[in-house]
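>>> just need the structure, nothing else, for what follows:
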Amino acid sequence: MKEYSYYDVSGDKIRHLENRNLQLIKPGTLTKNVSYNTKQKAYSSQNSMFSNCALMDTTIYQHYGFTSVPLTGSKNITLGVAGSNTNNVIIATHDTRYQPNDLIAGEVSIHDYQGQCMELRQNQQINMVGQKQINIQIGENQQITITDGNIEITGDVTIDKDVTINGSLHVKGKITSDDDVVAGSISLKSHIHSVTSAPGNTSAPS
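Got it, this is the predicted structure:
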């Protein structure tokens with residue numbers, strides 16, 4: 001049977017355990033923009049806890065496959081490993097200044113402070129919002145560039161359905177067709193030209 005000494009229940013021991021408990025999980029506020037720390041090989045920042053304790057180079061632990069770099073003023077949850085205030089890691093960050101407020105149950109948004117985002121909506125719709133440009137890159141080649149009013153595709157394009165163009169079409173190369181080409185109601189394959197007299201010019205296609 002374990003024997004307990006006075007120290008196990010003394011005020012000093014209780015205060016020590018209370019302090020470790022307080023340091024275990026605590027709210028924090030980033031007082032600098034997050035940046036990559038080459039020594040820690042992780043993103044870190046200066047973090048203020050309990051409004052009177054600011055620690056430099058507090059590491060931010062993030063989920064695999066997702067990295068964010070929060071701004072100054074972002075709130076966070078800081079974990080004091082083993083209840084120590086000298087071994088802190090940030091395990092969650094939150095910034096109400098920039099979070100979307102129109103999501104409904106089941107929806108997801110990846111967003112930044114500029115209003116750029118990718119949204120997975122409940123109606124099975126995916127929205128992508130970029131303020132200047134959206135790029136899609138495959139390997140080392142940038143395949144699709146979307147800017148305001150312009151889409152540029154680098155590479156061959158195969159379309160398996162009909163295409164409707166509401167504006168003009170300008171082609172720098174040749175145009176080929178395995179079937180007929182019809183302009184208005186005039187077929188390129190079957191239209192005829194009437195000859196009135198020779199020599200001379202034929203009439204317009206009919």
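>>> distance from the helix or strand residue 143 falls within to the middle of the chain?
Under the criterion of DSSP states H and E, residue 143 resides in strand 141-147. How far strand 141-147 lies from its chain's middle: 16 Å, per C-alpha atoms, centre = their mean, to the nearest Å.
>>> repeat for stretch 131-147
Averaging C-alpha positions (C-alpha atoms, centre = their mean) puts stretch 131-147 13 Å from its chain's average.
>>> quick one: mean pLDDT for it?
Stretch 131-147 comes out with an average pLDDT of 91.
>>> give me the buried positions along it.
Buried residues in stretch 131-147, counted by 16 or more other C-beta atoms under 10 Å: none are found. Where you see a C-beta, it was placed from the backbone N, CA and C, and this is true even at glycine.
>>> and the protein, what are its domains?
Following the TED database, the chain resolves into domains at 6-94, 108-153.
>>> from those, which stretch is densest packed?
Of the domains of the chain, the one with the most neighbours on average (mean count of other C-beta atoms under 10 Å) is domain 6-94, at a mean of 14.
>>> how far does that domain sit from the chain's center?
Distance, centroid of domain 6-94 to centroid of chain: 26 Å (C-alpha atoms, centre = their mean).
>>> where does the chain have its least confident helix or strand?
The least trusted helix or strand in the chain, going by mean pLDDT, DSSP states H and E, turns out to be helix 6-9, with a mean of 56.
>>> bridging residues for residue 186?
residue 183 (DSSP bridges).
>>> strands along this protein, start to end?
Listed in chain order, the strands found in the chain under DSSP state E are 25-30, 35-37, 42-49, 53-60, 75-80, 88-94, 108-111, 117-120, 126-129, 133-138, 141-147, 150-153, 182-183, 186-187.
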